[in-house]
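1. Need a 3D model of the following:
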Amino acid sequence: MVYALDTNTISFLLRGEVKVVKCFQKEIVKVGNPYVIPPIVYFEIRRWLLNKPTKALYVFSQHFDRMFGNVKNKADMSSSVWDKAVDIYISLKDKGQLIGDADILIAAYCIDNDYTLVTDNERDFGRINEIKIVNWKK
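-> Purely as a prediction, here's the structure:
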(Lines give C-alpha, C1' and ligand atoms only; values in the text may rest on other atoms or scores of the structure.)
Protein backbone atom coordinates (compact mmCIF):
# COMPACT_ATOMS: atom_id res chain seq x y z
CA MET A 1 0.00 0.00 0.00
CA VAL A 2 1.23 3.46 -0.90
CA TYR A 3 -0.14 6.34 1.15
CA ALA A 4 -0.80 9.76 -0.38
CA LEU A 5 -0.78 12.47 2.28
CA ASP A 6 -3.49 15.10 2.02
CA THR A 7 -2.88 18.73 2.90
CA ASN A 8 -4.59 18.48 6.28
CA THR A 9 -2.51 15.41 7.19
CA ILE A 10 0.75 17.22 6.47
CA SER A 11 -0.50 20.23 8.42
CA PHE A 12 -1.26 17.97 11.40
CA LEU A 13 2.21 16.42 11.14
CA LEU A 14 3.90 19.82 10.99
CA ARG A 15 1.93 20.94 14.04
CA GLY A 16 2.76 17.76 15.96
CA GLU A 17 -0.82 16.39 16.22
CA VAL A 18 -0.17 13.36 18.45
CA LYS A 19 -2.55 10.82 16.86
CA VAL A 20 -1.41 11.65 13.33
CA VAL A 21 2.29 11.60 14.25
CA LYS A 22 1.87 8.19 15.93
CA CYS A 23 0.12 6.77 12.85
CA PHE A 24 2.82 8.20 10.58
CA GLN A 25 5.55 6.68 12.73
CA LYS A 26 3.79 3.31 12.80
CA GLU A 27 2.75 3.05 9.13
CA ILE A 28 5.68 4.79 7.47
CA VAL A 29 8.66 4.58 9.79
CA LYS A 30 8.05 1.24 11.53
CA VAL A 31 6.14 -0.78 8.89
CA GLY A 32 7.87 0.90 5.97
CA ASN A 33 4.86 1.70 3.80
CA PRO A 34 5.86 4.14 1.07
CA TYR A 35 4.17 7.51 0.80
CA VAL A 36 3.85 10.34 -1.68
CA ILE A 37 2.73 13.92 -1.64
CA PRO A 38 0.37 14.60 -4.55
CA PRO A 39 1.51 17.59 -6.64
CA ILE A 40 -1.62 19.59 -5.73
CA VAL A 41 -0.96 18.97 -2.02
CA TYR A 42 2.65 20.08 -2.43
CA PHE A 43 1.37 23.31 -3.98
CA GLU A 44 -1.18 23.84 -1.19
CA ILE A 45 1.43 23.31 1.55
CA ARG A 46 4.01 25.58 -0.06
CA ARG A 47 1.34 28.26 -0.57
CA TRP A 48 0.32 27.93 3.08
CA LEU A 49 3.93 28.22 4.23
CA LEU A 50 4.49 31.35 2.18
CA ASN A 51 1.50 33.03 3.84
CA LYS A 52 2.94 32.54 7.33
CA PRO A 53 4.74 35.32 9.21
CA THR A 54 8.50 35.20 8.70
CA LYS A 55 9.47 33.35 11.91
CA ALA A 56 6.70 30.76 11.53
CA LEU A 57 7.53 30.37 7.84
CA TYR A 58 11.12 29.52 8.67
CA VAL A 59 10.22 26.99 11.37
CA PHE A 60 7.49 25.23 9.36
CA SER A 61 9.52 25.30 6.13
CA GLN A 62 12.51 23.71 7.86
CA HIS A 63 10.26 21.09 9.44
CA PHE A 64 8.52 20.38 6.11
CA ASP A 65 11.85 20.02 4.30
CA ARG A 66 13.21 17.68 7.00
CA MET A 67 10.10 15.51 6.93
CA PHE A 68 9.33 15.50 3.24
CA GLY A 69 12.40 16.71 1.36
CA ASN A 70 13.27 13.27 0.01
CA VAL A 71 9.74 12.11 -0.83
CA LYS A 72 9.37 10.76 -4.32
CA ASN A 73 6.73 12.92 -5.94
CA LYS A 74 5.37 12.33 -9.38
CA ALA A 75 5.92 15.84 -10.60
CA ASP A 76 3.55 15.51 -13.49
CA MET A 77 -0.02 14.42 -13.64
CA SER A 78 -0.71 12.21 -16.62
CA SER A 79 -3.59 12.77 -18.98
CA SER A 80 -5.38 9.83 -17.34
CA VAL A 81 -5.41 11.77 -14.04
CA TRP A 82 -6.99 14.77 -15.75
CA ASP A 83 -9.53 12.51 -17.47
CA LYS A 84 -10.37 10.85 -14.14
CA ALA A 85 -10.80 14.32 -12.58
CA VAL A 86 -13.33 15.22 -15.28
CA ASP A 87 -15.21 11.97 -14.63
CA ILE A 88 -15.28 12.69 -10.88
CA TYR A 89 -16.46 16.26 -11.47
CA ILE A 90 -19.31 15.14 -13.73
CA SER A 91 -20.37 12.38 -11.33
CA LEU A 92 -20.40 14.74 -8.33
CA LYS A 93 -22.16 17.48 -10.30
CA ASP A 94 -24.87 15.04 -11.43
CA LYS A 95 -25.48 14.11 -7.78
CA GLY A 96 -25.42 17.77 -6.69
CA GLN A 97 -22.44 17.05 -4.42
CA LEU A 98 -19.56 19.06 -5.89
CA ILE A 99 -16.36 19.52 -3.92
CA GLY A 100 -13.40 21.80 -4.55
CA ASP A 101 -11.35 21.40 -7.71
CA ALA A 102 -8.14 20.78 -5.75
CA ASP A 103 -9.78 17.89 -3.89
CA ILE A 104 -11.08 16.45 -7.16
CA LEU A 105 -7.55 16.56 -8.60
CA ILE A 106 -6.07 14.97 -5.47
CA ALA A 107 -8.68 12.20 -5.62
CA ALA A 108 -8.08 11.60 -9.33
CA TYR A 109 -4.33 11.41 -8.72
CA CYS A 110 -4.82 8.84 -5.95
CA ILE A 111 -7.31 6.73 -7.91
CA ASP A 112 -5.20 6.74 -11.07
CA ASN A 113 -2.08 5.65 -9.15
CA ASP A 114 -3.90 3.27 -6.76
CA TYR A 115 -2.80 5.24 -3.68
CA THR A 116 -4.64 5.35 -0.37
CA LEU A 117 -5.37 8.95 0.63
CA VAL A 118 -4.62 9.86 4.24
CA THR A 119 -7.07 12.65 5.09
CA ASP A 120 -9.30 14.04 7.78
CA ASN A 121 -11.68 15.27 5.07
CA GLU A 122 -13.85 12.17 4.87
CA ARG A 123 -16.95 14.25 4.21
CA ASP A 124 -15.79 15.48 0.81
CA PHE A 125 -13.58 12.60 -0.31
CA GLY A 126 -16.18 10.09 0.89
CA ARG A 127 -18.45 11.27 -1.94
CA ILE A 128 -16.07 9.69 -4.45
CA ASN A 129 -16.79 5.99 -4.85
CA GLU A 130 -13.45 4.74 -6.16
CA ILE A 131 -11.08 6.38 -3.70
CA LYS A 132 -9.49 4.55 -0.77
CA ILE A 133 -9.14 6.78 2.29
CA VAL A 134 -7.88 6.42 5.84
CA ASN A 135 -8.08 8.94 8.64
CA TRP A 136 -5.12 9.04 11.03
CA LYS A 137 -6.79 11.76 13.10
CA LYS A 138 -9.48 9.39 14.46
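2. hey, let's count contacts and neighbours off CA atoms from now on
-> OK.
3. buried sites along the helix or strand containing Lys22?
-> Using DSSP states H and E, the element containing Lys22 is helix 18-24. For helix 18-24, burial by neighbour count (16 or more other Cα atoms under 10 Å) applies to 20-22, 24.
4. Same check on stretch 113-123?
-> Buried-residue list, stretch 113-123, by 16+ other Cα under 10 Å: 114-121.
5. Same check on stretch 40-53?
-> Within stretch 40-53, the residues scored as buried using 16+ other Cα under 10 Å are 40-42, 44-45, 49.
6. After the lowest-mean-pLDDT helix or strand in the chain, heading C-terminal, what element do we hit next?
-> Least confident helix or strand, the chain: helix 54-68 with a mean of 69, by mean pLDDT, DSSP states H and E. Sequence-wise, the next helix or strand downstream of helix 54-68 (DSSP H and E) is helix 79-94.
7. Could you list every helix and strand in contact with that following helix?
-> helix 101-113 (3 or more Cα pairs under 8 Å, 6 or more residues apart in numbering; DSSP states H and E).
8. could you check the angle helix 79-94 makes with the helix it packs on?
-> 130 degrees (axes from the mean of the first three to the mean of the last three Cα atoms, to 10 degrees).
9. residues in contact with the next helix-or-strand element following helix 101-113?
-> With elements assigned by DSSP H and E, the helix or strand that comes after helix 101-113 is strand 116-118. Strand 116-118 is touched from outside by 1-6, 9, 107, 110, 131-136, with contacts defined as Cα atoms under 8 Å, 6 or more residues apart in numbering.
10. could you redo the last one with a cut-off of 10 Å?
-> 1-10, 20, 24, 35-38, 106-107, 109-111, 125, 131-137 (Cα atoms under 10 Å, 6 or more residues apart in numbering).
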